[in-house]
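Q: Fold the following for me, if possible:
(chains A and B)
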Protein chains: 2
Amino acid sequence: MRIGVKELSSQATAKVNPEVQAFLHDLKGKTIDHVFFVACGGSSAIMYPSKYVFDRESKAISSDLYSSNEFIQRNPIQLGEKSLVILCSQSGNTPETVKAASFAKSKGALTIAMTFKPESPLAEAAEYAVQYDWGEEALAINTNYGVLYQIVFGVLQVLENHPKFEQAIDGLDKLQAVYEQALEKEDGNARQFAEAHQKEQVIYTMASGANYGVAYSYSICILMEMQWIHSQAIHAGEYFHGPFEIIDESVPFIILLGLDETRPLEERALAFSKRYGKKLTVLDAKAYDFDGISDDVKGYLAPLVLNRVLRLYADALAEARNHPLTTRRYMWKVEY
Amino acid sequence: MRIGVKELSSQATAKVNPEVQAFLHDLKGKTIDHVFFVACGGSSAIMYPSKYVFDRESKAISSDLYSSNEFIQRNPIQLGEKSLVILCSQSGNTPETVKAASFAKSKGALTIAMTFKPESPLAEAAEYAVQYDWGEEALAINTNYGVLYQIVFGVLQVLENHPKFEQAIDGLDKLQAVYEQALEKEDGNARQFAEAHQKEQVIYTMASGANYGVAYSYSICILMEMQWIHSQAIHAGEYFHGPFEIIDESVPFIILLGLDETRPLEERALAFSKRYGKKLTVLDAKAYDFDGISDDVKGYLAPLVLNRVLRLYADALAEARNHPLTTRRYMWKVEY
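A: Down below sits the predicted model:
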């Protein structure tokens, strides 16, 4: 029996978070010409691939991504009744993001907040709130990345009748198996990385396109925040216009290779780094088993896998350095 | 005698680069709904304040800023006949940017290229080309930053009848005097900075809003490329969501304070850094004499002054470290 588009669509819809479904239902018939992705730190980093999706896929909706306070103070003149503002905070308690939700609402924008804590100021401040899962037990499709893509591809389907919704949801549904295979494959590499880098004081990360946010998150949240190691997420295309002068055999780089259209930038950066650097750690999404996932969305899903694998690298590094990922000296401890 | 708006406008226009004038003349009557800022490294960094201007000032034109190869590979679906693509390359010879100009033209977009070398592949590849001045003798209004603002505020005036064109051109015209006062004021501070930082292996920069690109440029072009010092340009709002855990009394930061709406972010980052850091270098645009420049554009012009002052800091650092700013190990020397 041939499965028709409509049936496929409802099969996909059944896998979508009920709160996202309710939001998408209400979205029908609304006019949105601008999406703003607004969050801080790690919650902002998960939004970079979604900006990439909008740039490549949306015919009529422009998009911007801002750290919450930058968004408020920048006060984009186009923020208004035709804007959708997507916010995220793990605790639902990030003051800048809560304020950004109220600010966006005061401008007449439609607001949807993602959080791990549905009973939180952010969930209250936004018009719609969606809970995601978090931790070792969370399935890929239900994590922050997964739920955000449900929203993003759902918005594209509802507002632009975009055809990749089914593939995206199906891909998210199959992603947990990719994670598991990738984690198994990388387990030894992660330990080796941790062993080799436990004394390093600087570790750069590098990526482009849909993967840049993953590098950014690893740099600012894992290395700087949780390990107190100097870092920067270098854009693989920008590398050749300044940053590459820093590399030599003593400087460690983590280089990500994704599956999206900017992969040639990452490959070029890797090829150069191999010639003049020595401490290179390469995570290549091609090594992971995306079988059964549509080619149309593989590039968009690769950063999620790279991010999951990098968490393994973070755990191993923390253990090797005897510096738990929960260690902080300022965050949540002092006033700021 | 009261000077009417029309007269003011032609007074301002007379100060505008003739090639920009010709472009603006041809722009009349065209429909543009998206501006793409496309360049690499330092030439990309000068465009960040212009994206800030568009976000705050343009009612109907969305904008994006991409490194040239990212732009080509990302291939934004909205790039087309209603797009204006503004490109820049000092040499006019940056392969990625030349290719980006041809790519944008092939999509039907209007292209304007800024370059120091009018007889260059980029000038040929773009529909319009504008030469800017460069070096110690160049007046602020005629530099890359100055010419870009002529284009940006000109586009806003032509397409949206935007009222700040005169103030912006008048401000650019008066900016050279601001530079000179600021450079005189900072001369001793720059030497002191250079002396104090000559042995440092890591120096962070930090800013937000219109000033972020200045921090980015100093990090990737001056510190990493020209001095082989580790660095990252930290966004002052993101600071509190990861990067601030890196600061202690041993870690140097250059913190920029501008005059735009995001200044509270920079002030907050500075206040925290003062509590836990010690090696802080603060450049505050409030210390410079913007008298006679309209309040409406001061925030947009501050990054130009900060950038000019930071060049003084770069010169002093290079001298103190006996590592000329022209030193390279890879750029222009090896294949990449």
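Q: A:M114: what secondary structure?
A: Of the three states, A:M114 takes strand under DSSP: H, G, I helix; E, B strand; the rest coil.
Q: My read is that it contacts A:D133, right?
A: No - in this structure, A:M114 is not within contact of A:D133 by CB atoms under 8 Å, at 11.2 Å. Heads up, the C-betas are built off the backbone N, CA and C, glycines and all.
Q: Give me the more crowded residue out of those two.
A: A:M114 (30 against 16; other CB atoms under 10 Å in any protein chain shown).
Q: Let me see the contact set for the more buried one.
A: Going by CB atoms under 8 Å, 6 or more residues apart in numbering or on different chains, A:M114 touches A:43, A:86-89, A:129-132, A:144, A:147-148, A:151.
Q: From B:V202, how far out is the residue lying closest to it once chain neighbours are set aside?
A: Using CB to CB, 6 or more residues apart in numbering or on different chains and skipping the chain neighbours, the partner closest in space to A:M114 is A:C88 (4.3 Å). Between A:C88 and B:V202 the distance is 30 Å, computed by CB to CB, to the nearest Å.
Q: Counting neighbours, which of the contacts of A:M114 comes out on top?
A: Highest neighbour count within these: A:S89, with 32 neighbours (other CB under 10 Å).
Q: hang on, A:T205 is in a helix, isn't it?
A: No - assessed with three-state DSSP, A:T205 is strand; it does not lie in a helix.
Q: so it touches A:I254, yeah?
A: Yes - using CB under 8 Å, A:T205 makes contact with A:I254 at a distance of 4.6 Å.
Q: When those two are compared, which one has more neighbours?
A: A:T205 (27 against 24).
Q: Excluding chain neighbours, what is closest to the more buried one?
A: Nearest non-adjacent residue to A:T205, counting by CB to CB, 6+ apart: A:A215, 3.9 Å away.
Q: show me what contacts the one you found?
A: A:T205, A:M206, A:A207, A:A233, A:I234, A:I254, A:L256.
Q: most neighbours, which of those?
A: A:L256 (31 neighbours).
Q: and that one, which of the three is it?
A: strand.
Q: Please list all residues in contact with it.
A: Residues near A:L256 by CB under 8 Å, 6+ apart: A:T205, A:M206, A:A207, A:N211, A:V214, A:A215, A:E266, A:L283, A:A285, A:L306.
Q: Now with 10 Å, please.
A: A:L256 sits next to A:205-209, A:211-212, A:214-215, A:218, A:233, A:236, A:263, A:266, A:269-270, A:281-285, A:302-303, A:306-307, A:309-310 when contact means CB atoms under 10 Å, 6 or more residues apart in numbering or on different chains.
Q: and the stretch 101-250 of chain A, which of its residues are near chain B?
A: With CB under 10 Å from any CB of the partner chain as the criterion, the stretch 101-250 of chain A meets chain B at residues A:201-202, A:204, A:208-210, A:212, A:216-217, A:219-248.
Q: From those residues, list the buried ones, please.
A: Neighbour counting by 16 or more other CB atoms under 10 Å in any protein chain shown classes A:202, A:204, A:208-210, A:212, A:216-217, A:219-247 among these as buried.
Q: now, which of the residues you listed lie within strands?
A: Counting by DSSP state E, the part of those found in strands is A:Y204, A:A233, A:I234, A:H235.
Q: Out of these, the closest to chain B would be?
A: Nearest to chain B among these: A:H235, at 5.9 Å, using CB to the nearest CB.
Q: which residues touch the closest one?
A: Per CB under 10 Å, 6+ apart, neighbours of A:H235: A:206-209, A:212, A:215-216, A:241, A:243, A:262, A:265, A:269, B:40-41, B:44, B:66-67, B:69-70, B:220.
Q: what about 6 Å?
A: Contact analysis of A:H235 by CB atoms under 6 Å, 6 or more residues apart in numbering or on different chains lists A:S208, B:S67.
Q: Which residues are in contact with the residue of the stretch 51-200 of chain A found nearest chain B?
A: Residue nearest to chain B within the stretch 51-200 of chain A: A:S62 (3.6 Å; CB to the nearest CB). Applying CB under 6 Å, 6+ apart, we find A:S62 in contact with A:H34, B:S62.
Q: Tell me the backbone dihedrals of it, please.
A: When read as degrees, to the nearest 10, the backbone of A:S62 gives phi -80, psi 160.
Q: what's the answer for the one 3 residues further on, then?
A: Phi and psi for A:L65, reported as degrees, to the nearest 10, are phi -130, psi 120.
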